[in-house]
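[1] the following block contains a protein sequence and its predicted model.
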Amino acid sequence: MKKLFVTAAIAASAAFATPAFATIIQVDPSSIQGANVLFNQGTQTGTTVFGNTNLGANTVAFTGTTVGGGNTISASGGQARVEGALNTATSNPNDTLLMTSLQFGLTNMATFNNLEFNVFGGTATSVTFNITDNEGQLFTFANLALGNGENFFGFQGINNETIRNVSATLNGGGVQDFRQFRLDGFAATSAVPEPTTWAMMLVGFGAVGYSMRKRPNRRTQLA
């Protein structure tokens, strides 16, 4: 038992000392074949809009900001896009405010590990993504260049890393809209212990077993 305790302690030490290989990486968007996020409730306008995957079981909440400091956005079906509210300074019914940021994630606190979407049009020259994983760790992809028209991006969690929330901030202006969202690899919030937690549990079990082995036996003498 003593050997088990020492082995568990070494395992725990290694678990804390060894860097985790789980991470979130940027990938070729064409490699993501996820579920499309659709807006099937007509046109939504507000500070938060909601889409559903074509699997129907996952709802995605979107919030954002627009040029001038507004926080009202709009979403509609068709190409399933999220854009700024109508520009009331013009008489053009198709003129919407450029978006300067967008944040989104699943409403049930679940996560996913594959993501693809298109950042479309506008005047912004680059975008910075802040992606939060299933453990609350932040991954930043800063100042990714934007061209005219379509700009597809793909991100993926590897080695059991999953994505909980995505925040996109535009630099040098705004964009016309975000569109063509695809997600997959959905995972509910899990109570399964992380490797370091398992190691500490082994240490605890070993300590209990070792203390029981060292405890002197007491026999009751019958009269």
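    Done, it's in. Residues are numbered from 1 along each chain as shown.
[2] hey, where'd the strands end up in the chain?
    23-27, 35-38, 44-46, 48-53, 59-66, 73-76, 81-84, 99-106, 114-120, 126-133, 138-145, 152-158, 163-171, 177-184 (DSSP state E).
[3] a markdown table for the ones you listed, including distance to T90, mean neighbour count and mean pLDDT?
    Glycine gets a C-beta too; all of them are placed from N, C-alpha and C. Output for the strands of the chain, formatted as a markdown table (distance: least, C-beta to C-beta, whole Å; neighbours: other C-beta atoms under 10 Å; pLDDT from 0 to 100):
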| stretch | distance to T90 | mean neighbour count | mean pLDDT |
| --- | --- | --- | --- |
| strand 23-27 | 36 | 16 | 97 |
| strand 35-38 | 29 | 19 | 92 |
| strand 44-46 | 17 | 14 | 96 |
| strand 48-53 | 22 | 20 | 94 |
| strand 59-66 | 14 | 19 | 97 |
| strand 73-76 | 15 | 23 | 95 |
| strand 81-84 | 13 | 24 | 96 |
| strand 99-106 | 17 | 22 | 97 |
| strand 114-120 | 20 | 23 | 97 |
| strand 126-133 | 26 | 18 | 98 |
| strand 138-145 | 29 | 13 | 98 |
| strand 152-158 | 30 | 19 | 97 |
| strand 163-171 | 21 | 20 | 98 |
| strand 177-184 | 17 | 22 | 95 |
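[4] so which of those strands comes closest to N92?
    Nearest to N92 among the strands of the chain is strand 81-84; the distance by C-beta to C-beta comes to 13.4 Å.
[5] the closest one packs against which elements?
    strand 59-66, strand 73-76, strand 99-106, strand 177-184 (3 or more C-beta pairs under 8 Å, 6 or more residues apart in numbering; DSSP states H and E).
[6] what would the strands of the chain look like in TSV with distance to P93?
    Converted to TSV, the strands of the chain look like this (distance: least, C-beta to C-beta, whole Å):
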stretch	distance to P93
strand 23-27	37
strand 35-38	23
strand 44-46	13
strand 48-53	19
strand 59-66	17
strand 73-76	12
strand 81-84	13
strand 99-106	18
strand 114-120	19
strand 126-133	28
strand 138-145	32
strand 152-158	29
strand 163-171	24
strand 177-184	16
